[in-house]
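S.K.: Here is my input, please return the structure:
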Amino acid sequence: MIKLNTLKILGLMAAAYGLAACTQMVDLGLIEPVVEEDPNAVALPMDMTDSVIIEQPQIVTAPAEQPVVRRDPEDPNQPIIRTPEGANELDLETPLRCDVNWETQQMVLTLPYSKSSFKLERNGTNDPLPRYEVTGFSFDMMPAEQAVVKLLKEADIRVSSADGPYTSISANDLKGELSAVLKMITDSAGIYYSYNAKEKILTLSRHANMTLYTPHAKPIMMGLLDVIRGAGITNIVANWADFSLTFDADVETRNKMIELINFFEDNPTLVAYDVSVFRLYPYNQSQDIEWIDMLKAFDFGSITTAQSGQIGRILTTTNDINIEKLRQFIGNQAQIESVAEGKFVVPNLWLSRFDIGKCSNRKNRDNYGMSILAKASLEKNNNIFSDITLEETDGQISSFKIRNKLGENFLIIGLPNELFGIKSPKSETVIFMVPRLVRTLKTNEKIKNKL
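M.R.: Prediction:
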């Protein structure tokens, strides 16, 4: 069990007792409203009692897929009606995400941004709760929704549970304003609440719809998108006009977003990866691609490291082996088929995700559910440590931990195309990656969008 230390309410108690002389106290201690709450405020959790004990957390399952539509619902043999591929392919990120200029790569980019641009707001109706004073409220190993029902019973507020049951918790001698006590209970259980004052209904839910407003800087916006996807959230709506991201988040994800906003307070460095993915089909289908021939084709030292993953190998190369020279070398042994080119951004020490299918054509998209997950950290002398994981829809393919200097590239080789359902003897997939640095700088001036 997890024990959370809690904090006593001081100012609220003093205000409550000061008003007691002129306000009739009933049951929970009704106080006329004095200050309106900000229903959209997102704050870090506050503890307000001696102890709260959380039992084994409930397992949160992913929401069910949207039902398919058939012309005849009672006939499963009727064809499924789906959104056309042409409509699904419309992605506003494509011009930014899937365009890589390999000839004029800028290894270090300094990016100013407005320090007041970050803002995280919760969407939807959430009216202020009535001002009650709670004293001596206790419960023992009770599901959170039942504890809330018990708390609000005398206030005549009904409770609706959107996706319960929730975590069971215990508390002893809670005291403070009703809204503060309720927040302590819901935070401890990892849930949100929203209140409809007109209907006097309070709704509990594991998820809330939120909007994150970001600086008007495309690399920062892309980095935040990639971090949110790295957290497993894919239902993101990006608004490139006001540079905002709207998504559903549980309490843990919300707190991560707050941490990410705080991360930008110290002018952090972002690592941007330019990526090219292509398939190789050997001219001789009975022979592997002879990667050892690279040692003859390029000067010694052009390949600085080589290591193996669960499947495939990763090479670190100097810029003597750029993508053009690499294609020339491979073209002597195999036919090259481009799959995708794109870029993604990783804030220092955070995990980001790049879905290769977002930048591939329709022919390759069906065969490539592969994603690149990267966690990067910047070390001394512009060295970059990268933790690279390759994932497919069925699970992890391979992972690599690699350290390189700024200006060096990664080359992942030896990924059999059978991994992606392509039956072609000796063929494989290759991933070429170039890390770059984006240094951020807080400013009060307006900035231009650039990448």
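S.K.: Not counting the host helix or strand of residue 259 itself, show me its contacts.
M.R.: Under the criterion of DSSP states H and E, residue 259 resides in helix 251-263. Helix 251-263 has contacts (Cβ atoms under 8 Å, 6 or more residues apart in numbering) with 42, 44-45, 118, 120, 187, 190-192, 206, 208, 210, 212, 224, 227-228, 231, 233, 249, 347, 350. C-betas here are computed from N, CA, C, even on glycine.
S.K.: what's the average pLDDT for it?
M.R.: Mean pLDDT, helix 251-263: 88.
S.K.: can you dump the C-alpha coordinates of it into CSV?
M.R.: What follows is helix 251-263, C-alpha atoms only, in CSV (Å, rounded to 0.1, in the frame of the first residue of the first chain):
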residue,chain,number,x,y,z
VAL,A,251,-4.2,12.5,-13.7
GLU,A,252,-0.8,11.0,-14.3
THR,A,253,-0.5,12.4,-17.8
ARG,A,254,-1.7,15.8,-16.6
ASN,A,255,1.0,15.9,-14.0
LYS,A,256,3.6,14.9,-16.7
MET,A,257,2.4,17.8,-18.8
ILE,A,258,2.9,20.2,-15.8
GLU,A,259,6.4,18.8,-15.4
LEU,A,260,7.1,19.3,-19.1
ILE,A,261,5.9,23.0,-18.9
ASN,A,262,8.2,23.5,-15.9
PHE,A,263,11.0,21.8,-17.9
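S.K.: just checking, what packs against the next helix or strand after that helix?
M.R.: Per DSSP H and E, helix 251-263 leads on to strand 269-282 as the next helix or strand towards the C-terminus. Counting contacts by 3 or more Cβ pairs under 8 Å, 6 or more residues apart in numbering; DSSP states H and E, strand 269-282 packs against helix 218-230, strand 334-347, strand 371-378, strand 428-443.
S.K.: Run the chain-centre distance for the shortest one.
M.R.: It refers to strand 371-378. Between the centre of strand 371-378 and the centre of its chain there are 13 Å (Cα atoms, centre = their mean, to the nearest Å).
S.K.: So what are the sheet partners of it and their directions?
M.R.: The strands beside strand 371-378 in its sheet (DSSP bridges) come out as strand 351-355 (antiparallel), strand 383-392 (antiparallel).
S.K.: Now that we have those, can you turn them into TSV and tack on mean pLDDT, distance to residue 100 and mean neighbour count?
M.R.: Listed next are those as TSV, based on pLDDT from 0 to 100; distance: least, Cβ to Cβ, whole Å; neighbours: other Cβ atoms under 10 Å:
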stretch	mean pLDDT	distance to residue 100	mean neighbour count
strand 351-355	92	12	22
strand 383-392	93	18	18
